[in-house]
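Chemist: Okay, structure incoming, though there's no sequence with it:
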């Protein structure tokens, strides 16, 4: 009866009896090897994280270590299963070379994210630091403590500002002074303040421009380059130092103010084409209108 239901049962039993122990041992080697590979890769990642190596280089080293360990685990498991080591090695080598060739061939056509974990980016309405990326989404930590998961498809179809794509960023320190202040002294004070900060790079050299001549004030703009990681700290400190430096130099900042001009009788004040105010005489029509209004009984 069994022979009719399972005609190949004897052959399967013979194969299992002959190779069963080898298969079980190969499977054990495979499982243990994969676990050890994961632990070793994690240890290498932790060790490289304590060195000044860039995150991208560290990730590449970890991936190479994982690939080599995986190759060793597969060859060992195949050997324990009774397969020819040379055949297994050649097969894995062919598969590896084919995979590398396909990646190199189609890499220009594969969309990639224009950032890496650790970068500060802005995409759509979100601004924060990238914590991790997967094939499906990107995990971002905003500066107010939110954790946002953004689909990669949405990121690739929207604009992305990567604030750490370049090693340096330019700082803007804009100040406003009145027309009665010493313009040359103000420019020299602001420029010396930026040059004295050791975190400001020497090239390009810090400069100060006269950006605008506005009604009531002059707009000065200081420009300096710093390391990307120091941008916000240096910017805030330079603005604070500019206030104290201008106070010590006796340079007053411009304030919003409203000039009120008083007129008596027929003399009035109106705006002139150069922005100043000059005295004018009321037109005849205005005097007649005032006279009629005064004759209306209350």
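Modeler: Cool, the structure landed. This one's a predicted model, so the numbers in the text were calculated from it and none came from an experiment.
Chemist: Tell me which stretches of the stretch 151-298 of the chain form helices.
Modeler: 152-156, 183-196, 231-249, 284-295 (DSSP state H, counting those that start in this stretch).
Chemist: I'd assumed residue 137 was in contact with residue 151.
Modeler: Yes: judged on C-beta atoms under 8 Å, residue 151 makes contact with residue 137 at a distance of 5.2 Å. To be clear about C-beta, it is placed using only N, CA and C from the backbone, and glycine gets the same treatment.
Chemist: Looking at the two, which has the bigger crowd around it?
Modeler: Taking neighbours as other C-beta atoms under 10 Å, residue 151 and residue 137 compare with residue 137 leading, 16 against 11.
Chemist: give me every residue that touches the more buried one.
Modeler: Listed by C-beta atoms under 8 Å, 6 or more residues apart in numbering, the contact set of residue 137 reads 149, 150, 151, 152.
Chemist: so which of those would you say is closest to residue 97?
Modeler: Of all the contacts of residue 137, residue 152 has the smallest distance to residue 97: 29.0 Å, by C-beta to C-beta.
Chemist: wouldn't that closest one be in contact with residue 132 here?
Modeler: No: using C-beta under 8 Å, residue 152 is not in contact with residue 132, being 12.0 Å away.
Chemist: Compare the two and say which is more crowded by neighbours.
Modeler: Using other C-beta under 10 Å, the more surrounded residue of residue 152 and residue 132 is residue 152, with 16 against 12.
Chemist: how about low-confidence regions in this protein?
Modeler: Scanning the chain with the threshold set as pLDDT under 70 gives 1-22, 54-57, 81-85, 103-104, 106-111, 257-259, 263-298.
Chemist: Nearest the geometric middle of it, what residue?
Modeler: By C-alpha atoms, centre = their mean, the chain has its centre lying nearest to residue 120, at 2.4 Å.
Chemist: That one contacts residue 163, correct?
Modeler: Yes: using C-beta under 8 Å, residue 120 makes contact with residue 163 at a distance of 4.6 Å.
Chemist: coming back round to it: list the contacts for the residue nearest to the centre of the chain?
Modeler: 127, 128, 129, 130, 162, 163, 164.
Chemist: and with 6 Å instead?
Modeler: By C-beta atoms under 6 Å, 6 or more residues apart in numbering, the residues touching residue 120 are 129, 163, 164.
Chemist: what comes up buried for stretch 206-213?
Modeler: Neighbour counts over stretch 206-213 (16 or more other C-beta atoms under 10 Å) mark 206, 208 as buried.
Chemist: Pull the distance from it to the chain's centre.
Modeler: Centroid separation for stretch 206-213 versus its chain: 28 Å, with C-alpha atoms, centre = their mean, to the nearest Å.
Chemist: residues in contact with that stretch?
Modeler: If you take C-beta under 6 Å, 6+ apart as the criterion, stretch 206-213 is touched by 187, 190, 191, 194, 195, 200, 219, 220, 221, 222, 223, 224.
Chemist: Give me the buried entries from the residues you listed.
Modeler: Here, 16+ other C-beta under 10 Å leaves 187, 190, 191, 194, 200, 220, 222, 223, 224 buried among these.
Chemist: Could you let me know which of the residues you listed ends up closest to residue 242?
Modeler: Distances from residue 242 to these, taken by C-beta to C-beta, are shortest for residue 190, at 6.1 Å.
Chemist: Tell me which residues touch that closest one, please.
Modeler: Taking C-beta under 6 Å, 6+ apart, we find residue 190 in contact with 208, 222.
Chemist: try 7 Å this time
Modeler: Residue 190 makes contacts with 173, 175, 208, 220, 222, 242, as judged by C-beta atoms under 7 Å, 6 or more residues apart in numbering.
Chemist: could you dump the residues you listed to CSV with distance to residue 38?
Modeler: Below are the contacts of residue 190 laid out as CSV (distance: C-beta to C-beta, whole Å):
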residue, distance to residue 38
173, 50
175, 56
208, 56
220, 58
222, 52
242, 53
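Chemist: Many thanks, we can stop here.
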